[in-house]
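Student: With the sequence up front, the predicted model follows.
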Amino acid sequence: MKHAILSDIVLVDIIGFSKLDIDAQQQIISYISKTYKKMIDTMLRYSHLRLDELLVGIIPTGDGFFCILHQHYRGFGAILALSFNHLSEQITKKYSYFRGIRIAVHTGEVHQFIDILGHNNFVGYGLNECERYISSQDHQISTVVISEEAYLSLEIFLKRHKDFHELLIAMEFKFSPPFSFQDKHGNTRSGYMIWMRKGGIINPPFNFT
């Protein structure tokens, strides 16, 4: 059995997706997928990276998707989530029925396996725990919530990459006081809401070593 991957997991969830008719569902999930793929491709080109150097996997969920970052980029997940969030605000202007997205970030373990179609896929508590943070929110606007583990990973990342720390300050990065909630299994979890007053897309570091 392969060793577990301990890294950032970013979950994007489309608000109110199940309430849309099938044509609107197909339209918005297709547009978001293409738009975010274009954003990631631009990031990779700018930072001179291959996709597998930044992400080890992307898992569709029907009304969104998981991104699993390479372990070398642990801590960048929160920043990637902020970039996703910024782009969603532009999408809102295109589709009047699009109510925005919710994003959760967690640092946890996943295991890779080959699925029935022969594709790389992932399972693990990290995915389940990330999903708990989406379910903790009842916000009807675009939001980003990160677990305590993801927040600690972000702090370590910013200590290693001081230029990113300075960039977030310039973009007026903010975070809420810590909050706690009980998930559906009765476990207490804690995390933070994060945002940038000056929205934008932030590319990953050129060198991840």
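Tutor: Great, that's in hand.
Student: can you map out the strands along the protein?
Tutor: Applying DSSP state E to the chain gives strands spanning 5-14, 55-60, 64-69, 101-114, 120-123, 143-147, 173-175, 179-182, 188-196.
Student: chain center to the second one: distance?
Tutor: Relative to its chain's centre, strand 55-60 lies at 11 Å (Cα atoms, centre = their mean, to the nearest Å).
Student: Okay, buried residues for it please.
Tutor: Residues of strand 55-60 classed as buried by neighbour count (16 or more other Cβ atoms under 10 Å): 55-59. Bear in mind the C-beta positions are built from the backbone N, C-alpha and C, glycine included.
Student: Least confident of the strands of the chain, on average?
Tutor: When the strands of the chain are compared by mean pLDDT, strand 179-182 comes last with a mean of 84.
Student: Residues in contact with that one: which ones?
Tutor: With contacts defined as Cβ atoms under 8 Å, 6 or more residues apart in numbering, strand 179-182 is touched by 136, 188-193.
Student: Repeat that for stretch 46-57.
Tutor: Applying Cβ under 8 Å, 6+ apart, the external contacts of stretch 46-57 come out as 5, 7, 40, 43-44, 66-73, 112, 120-122, 203-206, 208.
Student: So how do I select the buried members of those residues in PyMOL?
Tutor: Restricted to buried positions by 16+ other Cβ under 10 Å, the PyMOL selection for the contacts of stretch 46-57 reads:
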select buried, resi 5+7+40+43+44+66+67+68+69+70+73+112+122+203+204+205+208
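Student: For this structure, which element, helix or strand, carries the lowest mean pLDDT?
Tutor: strand 179-182 (a mean of 84; mean pLDDT, DSSP states H and E).
Student: How far away from the center of its chain is that one?
Tutor: Taking Cα atoms, centre = their mean, one finds strand 179-182 lying 20 Å from the centre of the chain it belongs to.
Student: And for stretch 112-128?
Tutor: Stretch 112-128 has its C-alpha centroid displaced from the chain centroid by 18 Å (Cα atoms, centre = their mean).
Student: Renumber starting at 43 from here on
Tutor: All set: I'll call the first residue 43, so the last point we hit is now stretch 154-170.
Student: Run a quick neighbour tally on the residue lying closest to V165 once chain neighbours are set aside.
Tutor: Sequence neighbours aside, H153 is the residue nearest to V165 in space, at 5.6 Å (criterion: Cβ to Cβ, 6 or more residues apart in numbering). H153 has 16 neighbouring residues, counting by other Cβ atoms under 10 Å.
Student: that older thread, filter the contacts of strand 221-224 down to the buried ones.
Tutor: Buried among the contacts of strand 221-224 by 16+ other Cβ under 10 Å: 178, 231, 233-235.
Student: Which residues are in contact with the closest residue to L122 other than its chain neighbours?
Tutor: Closest residue to L122 apart from its sequence neighbours, by Cβ to Cβ, 6+ apart: V52 at 5.8 Å. V52 sits next to 108-109, 111, 119, 122-123, 126, 145-147, 172 when contact means Cβ under 8 Å, 6+ apart.
Student: dump the residue contacts of the nearest residue to I176 once chain neighbours are set aside.
Tutor: Among residues not flanking I176 along the chain, A146 sits closest, at 4.5 Å (Cβ to Cβ, 6+ apart). A146 makes contacts with 52-53, 55, 172-173, 175-176, 186-189, as judged by Cβ under 8 Å, 6+ apart.
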